[in-house]
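Student: sequence and predicted structure below; questions after.
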Amino acid sequence: MQIHFIAIGGSAMHNLALALHQKGYTITGSDDVIFEPSKSRLADQGILPSEFGWFPDKIVASLDAIILGMHAKPDNPELVKAQQLGLKIYSYPEFLYEQSKYKTRVVIGGSHGKTTITSMILHVMNYHGKPVDYMVGAQLEGFDRMVHLTDENDFIVLEGDEYLSSPIDRRPKFHLYKPNIALLSGIAWDHVNVFPTFENYLEQFRIFVDSIVKGGSITYNEEDPSVKEIVEASTNSIRKFPYATPGFFVEKGQTFLETNEGPMPLEIFGRHNLSNLAGAKWICQNMGVDEEGFYEAIATFKGASKRLEKIGEKDKTIIYKDYAHSPSKVAATTKAVKEQYPDRKLIACLELHTYSSLNAEFLKEYRGALKEADVSAVFYIPESVKIKGLNEITKEQIEEAFDQKGIHIFTNSSDFKEFLFEQDITSSIILFMSSGNYGGLNLKEVVDMIGTN
């Protein structure tokens, strides 16, 4: 097949391009800018565009399909040309469904935890030598790409994102996968630019549950009230398997899972990750790995990239970075670190970076999210607020929203960096939470300068 990617440089898009190239398809693409590591990875396989920009001449009638990324605009000149020629245009999730419609589709959904749960499942399958197709939203240890597609594998494991499919397809991605086996981890209002009310956001998960193939199954977190209500109210003809956080304890900075064979040490920690583990165990059992085999494999799971990832350690000082940015994720991650290291000072740093987090009306959702930290810092760039077309937010609004005395607020990376270097980090945990980069702050430089290794 000959396939052209419009906006090939994105994290998800370039991984799909690489997967299809590996499968033997002829791949071309365009983008107005491509950053690392996408740029080098595409170049290594000979499919990096020779120049950046949009070129309608690349769109020819002989193409079998167009895959359209979210980065493109509805009036993109290549898209317009493809529409004029009547070419088949797929969104990213639509094409993944086309590649998997004769497979058993395992879809992991939820506002939080889906990347980690998907990663756990893939780790267990890989550990036991059970090949599966997959799409996951983070780079995993032991895996070359975030997307893998074959003709022969029976299962495909898909991270089910609730964000929109493409500039011309406003359906959430996870509505398009039609799972045979599904999981729903938790629901906490997000993407307020697309789902302006919590009720509207909840409706997307109802549709997801109803999209499960009849006779299929859903594994769901019964400790989340919204998840429990939506799943148990569904009249879809599916099997329903609830799960809850398993027993565990922390001893000298080490988390142990309580099993029938006795306590088992884990590489990961945090109540939310133990809940994720419980959900992943059920899914792996549905995919042919028994409980004993799951425990054997999960004991070596170190987590997905940017999910409580340890980036520096020396003596009793440890630095973690985490993708957490929504209120529920920030609260869960901060609490997890404090529970793991109760005798150490926790310095928690959060960047407000997304449309939702920079929305003045949404800020109140962060109330108490950093309360477990001994020192709290919030970073945001006022210019980003303007670029996103939002109303200005002030430091006073942030202080009121978080409802935490002594919170430190920064609007430029140099002041934030100076603050970090002034901290007494003896026997401390420093936690960076963001989907951005703190205005260009070099975290490796911070790690090196505060003396960790």
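Tutor: Okay, I see it. Numbers count the residues shown, from 1 in each chain.
Student: for stretch 329-342, list every residue counted as buried.
Tutor: In terms of neighbour count (16 or more other CB atoms under 10 Å), stretch 329-342 has its buried residues at 329-338, 340-341. Glycine gets a C-beta too; all of them are placed from N, C-alpha and C.
Student: which of these fall within helices?
Tutor: Taking DSSP state H as the definition of helices, these contribute 329-338, 340.
Student: tell me how far residue 6 lies from residue 17.
Tutor: According to CB to CB, to the nearest Å, residue 6 and residue 17 sit 11 Å apart.
Student: common neighbours of those two, please.
Tutor: Counting by CB atoms under 8 Å, 6 or more residues apart in numbering, the residues touching both residue 6 and residue 17 are residue 29.
Student: the two - which one has more neighbours?
Tutor: For residue 6 and residue 17, the more surrounded residue by other CB atoms under 10 Å is residue 17, and the numbers stand at 30 against 26.
Student: so that one is in which element?
Tutor: helix 11-22 (DSSP states H and E).
Student: kindly export that helix (C-alpha atoms) in CSV.
Tutor: The C-alpha atoms that make up helix 11-22 are tabulated as CSV, following Å, rounded to 0.1, in the frame of the first residue of the first chain:
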residue,chain,number,x,y,z
SER,A,11,4.6,11.5,18.5
ALA,A,12,1.7,9.1,17.6
MET,A,13,1.8,9.8,13.8
HIS,A,14,5.5,9.2,13.3
ASN,A,15,5.3,6.0,15.3
LEU,A,16,2.4,4.7,13.1
ALA,A,17,4.4,5.7,10.0
LEU,A,18,7.4,3.7,11.3
ALA,A,19,5.2,0.7,12.1
LEU,A,20,3.7,0.7,8.6
HIS,A,21,7.1,1.2,6.9
GLN,A,22,8.3,-1.8,8.9
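Student: now the element after that helix, going C-ward?
Tutor: strand 26-30.
Student: what helix or strand does residue 398 sit in?
Tutor: Using DSSP H and E, the element containing residue 398 is helix 395-402.
Student: and that helix, how far out from the chain middle?
Tutor: Distance, stretch centre to chain centre, for helix 395-402: 27 Å (CA atoms, centre = their mean, to the nearest Å).
Student: equivalent analysis for stretch 109-116, please.
Tutor: Chain-centre distance of stretch 109-116: 7 Å, with CA atoms, centre = their mean.
Student: where do the strands sit along the stretch 101-250 of the chain?
Tutor: Per DSSP state E, counting those that start in this stretch, the stretch 101-250 of the chain carries strands over the ranges 104-109, 133-135, 147-148, 155-160, 164-166, 169-172, 181-184, 217-221, 239-243, 248-251.
Student: next, format those strands as CSV and append mean neighbour count.
Tutor: Shown next, in CSV, are those (neighbours: other CB atoms under 10 Å):
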stretch, mean neighbour count
strand 104-109, 27
strand 133-135, 26
strand 147-148, 23
strand 155-160, 25
strand 164-166, 21
strand 169-172, 16
strand 181-184, 28
strand 217-221, 24
strand 239-243, 16
strand 248-251, 13
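Student: okay, buried residues for stretch 114-128 please.
Tutor: Along stretch 114-128, these residues count as buried under the neighbour rule (16+ other CB under 10 Å): 114-127.
Student: phi first, then psi, for residue 33.
Tutor: Dihedral angles of residue 33 (phi, psi; degrees, to the nearest 10) stand at phi -160, psi 140.
Student: you'd agree it is up against residue 54?
Tutor: No. With contacts counted by CB atoms under 8 Å, residue 33 stays clear of residue 54, the gap being 11.5 Å.
Student: more neighbours, those two?
Tutor: Counted by other CB under 10 Å, residue 33 and residue 54 do not tie: residue 54 has more neighbours, with 19 against 10.
Student: next, the contact list for that one, please.
Tutor: If you count contacts by CB under 8 Å, 6+ apart, residue 54 has them with 6, 30, 32, 76-78.
Student: okay, residue 284 and residue 255: tell me how far apart.
Tutor: In this view, residue 284 and residue 255 are 20 Å apart by CB to CB.
Student: domain map for this protein?
Tutor: If you go by automatic domain parsing, the domain ranges for the chain are 2-87, 95-298, 309-449.
Student: quick one: the helices in this structure?
Tutor: Counting by DSSP H, residue ranges of the helices within the chain are 11-22, 38-44, 77-85, 92-100, 114-127, 198-210, 225-233, 271-286, 291-298, 327-340, 382-387, 395-402, 413-422, 443-449.
Student: please identify which of the ones you listed is closest to residue 315.
Tutor: When those are compared by CB to CB, helix 443-449 sits nearest residue 315, at 14.0 Å.
Student: remind me what the closest one packs against, helices and strands.
Tutor: Counting contacts by 3 or more CB pairs under 8 Å, 6 or more residues apart in numbering; DSSP states H and E, helix 443-449 is packed against strand 309-314, strand 317-322, helix 413-422.
Student: save the ones you listed as TSV, and put in distance to residue 43, mean neighbour count and mean pLDDT too.
Tutor: Converted to TSV, the helices and strands packed on helix 443-449 look like this (distance: least, CB to CB, whole Å; neighbours: other CB atoms under 10 Å; pLDDT from 0 to 100):
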stretch	distance to residue 43	mean neighbour count	mean pLDDT
strand 309-314	26	15	90
strand 317-322	27	22	93
helix 413-422	30	14	92
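Student: now the helix holding residue 17: buried residues?
Tutor: For helix 11-22, by 16+ other CB under 10 Å, it's 12-22.
Student: show residues contacting that helix.
Tutor: With contact meaning CB under 8 Å, 6+ apart, helix 11-22 is reached by 1, 3, 5, 7-8, 27, 29, 34, 38, 41-42, 45, 47, 67, 69, 71, 92, 95-96, 135, 137, 145-149.
Student: before we move on, what about stretch 369-383?
Tutor: The list of residues contacting stretch 369-383 from outside it, by CB under 8 Å, 6+ apart, reads 327, 330-331, 334-335, 337-338, 345-353, 357-358, 392-393, 398, 402, 404, 406-413, 416, 419, 423, 431, 434, 438-439.
Student: and these, which are buried?
Tutor: Here, 16+ other CB under 10 Å leaves 327, 330-331, 334-335, 337-338, 345-353, 357-358, 393, 398, 402, 404, 407-410, 413, 416, 419, 431, 434, 438-439 buried among the contacts of stretch 369-383.
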